[in-house]
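Participant: What would the 3D arrangement of this be:
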Amino acid sequence: MDTISRENNNMLPIAGILVGLVGVVLGGIALAQASKANRGVAEHQPRVDKVDAMESQVSSAAAAADKAAKDVRDLTRSTQEAFNAVGGKLGEFQTSITKIEDAMKKPVVAADKGGKKSGPAVAGPGEYLVKAGDGGTKIARTLGVSIQDLQAVNPGVNWNKLSVGQKLKVPAKK
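Facilitator: Below is the predicted model:
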């Protein structure tokens, strides 16, 4: 009797071979799938690169937007400070203008010989009280006399420097 032919029903080597064959088949399938996946990744790589480039551009744009926003805030602040400074000066000018306008509205007060003010200057009979904007020719025309007659009765008057409230003698009309 041959030892090999004796009922050797050991299926272990056959099962090992079958498992090996299944492993080889599964490995081949896995290799095919991995190759397919690598091709898919390679096809999508340009799109991934574009997304990376866009991400870089977006971050650059975001940084530029942040800088622009900061510049706008700084400009707004400095403009407000300038307006505040100008507003203060305008208020000072308005106060000064109001004081000047009030002074122009007040009647001219003549001084006594002692230097004390006695009240508003009033022209007496035969006198003319110089007003703002008056000149010799204008006064003569207002009074209906010639400039020569007006100058003749007021010999000490400097006609180039008339002052508001100054009294002039009025010549008699001919």
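Participant: residues contacting residue 171?
Facilitator: By Cβ atoms under 8 Å, 6 or more residues apart in numbering, the contact set of residue 171 is 143, 145, 149, 150, 152, 153. Heads up, the C-betas are built off the backbone N, CA and C, glycines and all.
Participant: and what of residue 97?
Facilitator: Residue 97 sits in contact with no residue, where contact means Cβ under 8 Å, 6+ apart.
Participant: Would you mind identifying the helix or strand in the chain with the lowest mean pLDDT?
Facilitator: Counting by mean pLDDT, DSSP states H and E, the weakest-scoring helix or strand in the chain turns out to be strand 109-111, with a mean of 48.
Participant: Check the contacts of residue 171 for burial and list the buried ones.
Facilitator: Buried members of the contacts of residue 171, counted by 16 or more other Cβ atoms under 10 Å: 145, 149, 150.
Participant: which one among the residues you listed gets closest to residue 33?
Facilitator: If you rank the buried ones among the contacts of residue 171 by distance to residue 33 using Cβ to Cβ, residue 150 comes first, at 122.4 Å.
Participant: what are the ranges of the helices in this protein?
Facilitator: 12-105, 136-143, 147-153 (DSSP state H).
Participant: same for the second one, what does it pack against?
Facilitator: In terms of contact count using 3 or more Cβ pairs under 8 Å, 6 or more residues apart in numbering; DSSP states H and E, helix 136-143 is assigned the packing partners strand 127-129, helix 147-153.
Participant: Tabulate those in CSV, adding columns for distance to residue 11.
Facilitator: Formatted as CSV, the helices and strands packed on helix 136-143 follow (distance: least, Cβ to Cβ, whole Å):
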stretch, distance to residue 11
strand 127-129, 145
helix 147-153, 151
